[in-house]
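> need the 3D shape of this:
(chains A and B)
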Amino acid sequence: MPPAAAPSHAGVRLHVVTGKGGTGKTTVAAALALALTQQGKRVLLAEVEERQGISQTFDVPPIGHEETRILHERNGGELYGLSVDVRESLMEYLQKFYRLGRAGTVLEKVGAVDFATTIAPGLRDVLLIGKVYEAAGRRQGGRHKDRPVYDAVVLDAPPTGRVVRFLNVNAEVADVAKVGPIRTQADSITRMMRSHTTAVHVVSLLEEMPVQETVDALAELQKASLPLGAIVINQVHAPMVEEKELASVESDRTGVAAAVTSDLKSVSVRTSAAMVAGLLEQAGEHAERVALQQEQEAILLAQGRQVYRLPLLPEGTDAGGIRVLADALTEQGMI
Amino acid sequence: MPPRTRATQDRSTDPAGAARLDLDALLRDRSTRIIVCTGAGGVGKTTVAAALGLRGAELGRHVVVLTIDPARRLAQSLGLTELDNTPRPVAGFDTGSGGTLDAMMLDMKRTFDEVVEAHATPDKAAQILANPFYQAVSSSFAGTQEYMAMEKLGQLRSRAEREGSWDLIVVDTPPSRSALDFLDAPKRLGSFLDGRFIRLLMAPAKAGGRAYLKVFSSGVTMATTVMSKILGGQVLQDVQTFVAALDTMFGGFRERADKTYALLKNPETAFVVVAAPERDALREASFFVDRLDQEGMPLAGVVLNRVQRLSAPTLTGARALAAAEQLAETEGGSGTAPLTEGLLRLHANLAETAERQEALARRFTAGHPGIPVVEVPAAAQDIHDLEGLREVGQALTAS
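Residues are numbered from 1 along each chain as shown, chains lettered A, B, ... in the order given. Sure, this is the predicted structure:
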């Protein structure tokens, strides 16, 4: 485990969080953003798939293309949310680079916006990630003109299957645009994506398929020269019964059942043979799951990345669960 | 209007108040020809699809399972070692009832290429396949996978009709951003190809150079100017070539997409919505159920996958936790006290999970009364062989 004194990703300003669908990457991105906010930072949490995951996770009204403050901490930390909209991004882009206010409307009218954002998937990605790039690089202006507006940006990125294509905008745009302004934009985004202030974290569960996808994604990210961050293992079932005690269950089930029954009686729990057998069966299944987790964890540990673990919350991530996860990331020294 | 459900529910209800989804009845019913498994990513759609396929075959149906993105070991267990876009027989299942089981994995790009090759002259096909925009659209257009899954389903259906090879097609749906994408993507691709702008772009190619100015209104001219400014002129030219090349296929594209869409409304089809007992997955299931209802598509019911079950249900979580604390505080307890304490804490933990899941399931049922539901207990191990699939199949159809 990394020492808490030296956070492993202290220099990172753009945290990209990906993972297989269903692993909880949105939750992890939110927990990471919250952990950074708790340090007193001004943080932007951005999503690009219009899922409203941020508003659902923090239980706030739906978030749009405007950066909206979600919460603030007593120490001055502020968390902003942003749900990037591809059309809005295109309009902003046209306005910024071409001063084309009216043209945008015309484009919309003839269906060119739909066209542009669907035909060239690369273009869509450039626009989505371009917005995040802009926010990450934005300066305050005035007296603090060189200070960035956000101390950190956390991007809830597309799932592992699509993430490399998404982040590697340059390669994608190269297929369709060899020169031109969109290409220039893609080049500067790529520079930021590949810099040491960016880290791509992969969220996994200790199950076979997510682990396999994590391993594949790490290899792909590396091949695309994207800076690998940590592996975040989500929903870890903490071993609740000691291994040697589980072994005793296996060796002498009847004897153990009798002893457990008498323990339960000593604290006035009404027992039945079926109930005690049920408890032991649950322990057996738990042991099986823990063993499977260890097997899968070994594969992740062999990847040579920092690994952080988030507990499975039996109560779910509602009701303050996200703070528990944020604290876990801080305690383990991820940031 | 009450949701249109097939005759797949029995009178018994589970504690959450939902009618029970009887999948065995659905599988045995020979008029069921297509089962579509859908739901959010990571809920186990592929596993449920494969388990239903296996169960169907063991009940004597002639089944083909179309999977989209199976886990490697699950794919191997179905004998899917190569991705060749063709159904292959699955070995090792119980053939006692005379059923058969084939399985295949969708190759999106290859399916698209085949569509092009089947509907264009060889020259034109080669031209399309080499176009950079075709390559972008066929390998990464948002929705291509859904469209191709639909296309493949249509192909399998015609083949089943023609050769009598299968009487049941089980389809898994792509791991989309949203389960609704499966229904929307084909239309999106269709309306995109039929879109006004693309039509206008094609006009010069069709009408020849001089008509260009007449056809293009000033707005479009401005739009194309902007587009070429942003993308570069070459890009627009590539697009024009691509679109013109595809033009002859447009009719076919739309016609088949519409036909497959209509097939999904046919009473021979049954949608099985798969969800995990989690907030997001159930919300997704909710959207999908409502959508099927709006579209008049036949919903069989909802599979609640990986539900926490308790082996000692008589003991409440709160009681277990209190007893565990009490044991921890007792000095000089028995040698097995730490074990018993662990068992109690584990139970309290599982009970809390079970309770949360049940509340979520209840909320879903309250919002969708009358929709049959079946629960599949969480397995301790990942499922990656026929035996595991058979167990899921049994849980799915247990009465």
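> how about the strands in the stretch 51-200 of chain B?
Ranges of strands within the stretch 51-200 of chain B are B:62-67, B:88-89, B:100-105, B:168-172, based on DSSP state E, counting those that start in this stretch.
> now the last one: how far from the chain's centre is it?
So the one you mean is strand B:168-172. A distance of 10 Å separates the centroid of the chain from that of strand B:168-172, by Cα atoms, centre = their mean, to the nearest Å.
> can you check the shortest one too?
Using Cα atoms, centre = their mean, we find the averaged C-alpha position of strand B:88-89 to lie 21 Å away from the chain's own average C-alpha position.
> can you list the strands that that strand pairs with?
Using DSSP bridges, strand B:88-89 pairs in its sheet with strand B:100-105 (antiparallel).
> now name the helix or strand holding residue B:300.
Using DSSP states H and E, residue B:300 maps to strand B:299-307.
> next, the buried residues of the helix or strand just after that strand.
Remark: after strand B:299-307, the chain's next helix or strand is helix B:317-329, criterion DSSP H and E. By 16 or more other Cβ atoms under 10 Å in any protein chain shown, the buried positions in helix B:317-329 come out as B:317, B:319, B:320, B:321, B:322, B:323, B:324, B:326, B:327. The C-beta positions use only the backbone N, C-alpha and C, and glycine is treated the same way.
> can you list the strands of the stretch 51-200 of chain B in TSV and add mean neighbour count, mean pLDDT and distance to residue B:74?
Shown next, in TSV, are the strands of the stretch 51-200 of chain B (neighbours: other Cβ atoms under 10 Å in any protein chain shown; pLDDT from 0 to 100; distance: least, Cβ to Cβ, whole Å):
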stretch	mean neighbour count	mean pLDDT	distance to residue B:74
strand B:62-67	26	94	8
strand B:88-89	14	90	15
strand B:100-105	22	93	10
strand B:168-172	28	95	11
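> can I get the ones you listed in a markdown table with distance to residue A:334?
A markdown table is the format used below for the strands of the stretch 51-200 of chain B (distance: least, Cβ to Cβ, whole Å):
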| stretch | distance to residue A:334 |
| --- | --- |
| strand B:62-67 | 36 |
| strand B:88-89 | 45 |
| strand B:100-105 | 37 |
| strand B:168-172 | 35 |
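> buried ones in stretch A:308-326?
A:308, A:309, A:310, A:313, A:314, A:316, A:317, A:321, A:322, A:325, A:326.
> in helices, which of these appear?
A:321, A:322, A:325, A:326 (DSSP state H).
> return the closest of these with respect to chain B.
When those are ranked by distance to chain B (Cβ to the nearest Cβ), residue A:321 comes first, at 10.7 Å.
> the closest one and residue A:311 touch, don't they?
No: here residue A:321 lies out of contact with residue A:311, judged by Cβ atoms under 8 Å, at a distance of 9.7 Å.
> now stretch A:226-241: average pLDDT?
In this model, stretch A:226-241 carries a mean pLDDT of 92.
> can you give me the end-to-end span of that stretch?
Stretch A:226-241 has an end-to-end distance of 41 Å (criterion: Cα to Cα, to the nearest Å).
> let me know whether it sits next to chain B.
Yes: if you take Cβ under 8 Å from any Cβ of the partner chain as the test, stretch A:226-241 does meet chain B, through A:240, A:241.
> count of neighbours near residue 139?
If you meant another chain, say so; for now it's chain A. Residues lying near residue A:139 (other Cβ atoms under 10 Å in any protein chain shown) number 11.
> sorry, I should have been clearer: chain B.
So residue B:139, with other Cβ under 10 Å, has 15 neighbours.
> got the contact list for the one residue in the stretch 201-335 of chain A that gets nearest to chain B?
Using Cβ to the nearest Cβ, residue A:278 is the residue of the stretch 201-335 of chain A that sits closest to chain B, at 3.1 Å. By Cβ atoms under 8 Å, 6 or more residues apart in numbering or on different chains, the residues touching residue A:278 are B:310, B:311, B:312, B:313.
> pLDDT below threshold where in chain B?
When residues are selected by pLDDT under 70, those of chain B lie in B:1-17, B:82-83, B:140-143, B:175-179, B:185-220, B:222-224, B:226-236, B:245-254, B:399.
> next, name the residue at the spatial heart of it.
Here the mean C-alpha position of chain B is nearest to the C-alpha of residue B:173 (Cα atoms, centre = their mean), at a distance of 2.2 Å.
> please look at it and residue B:66 and confirm they touch.
No: Residue B:173 lies out of contact with residue B:66 (Cβ under 8 Å); the separation is 9.5 Å.
> over to the residue of the stretch 201-335 of chain A closest to chain B. Which of the three states is it?
helix (DSSP: H, G, I helix; E, B strand; the rest coil).
> just the helices from the stretch 51-200 of chain B, written as ranges.
Secondary structure of the stretch 51-200 of chain B by DSSP state H, counting those that start in this stretch: the helices cover B:72-77, B:108-119, B:122-130, B:132-140, B:144-163, B:181-193, B:196-207.
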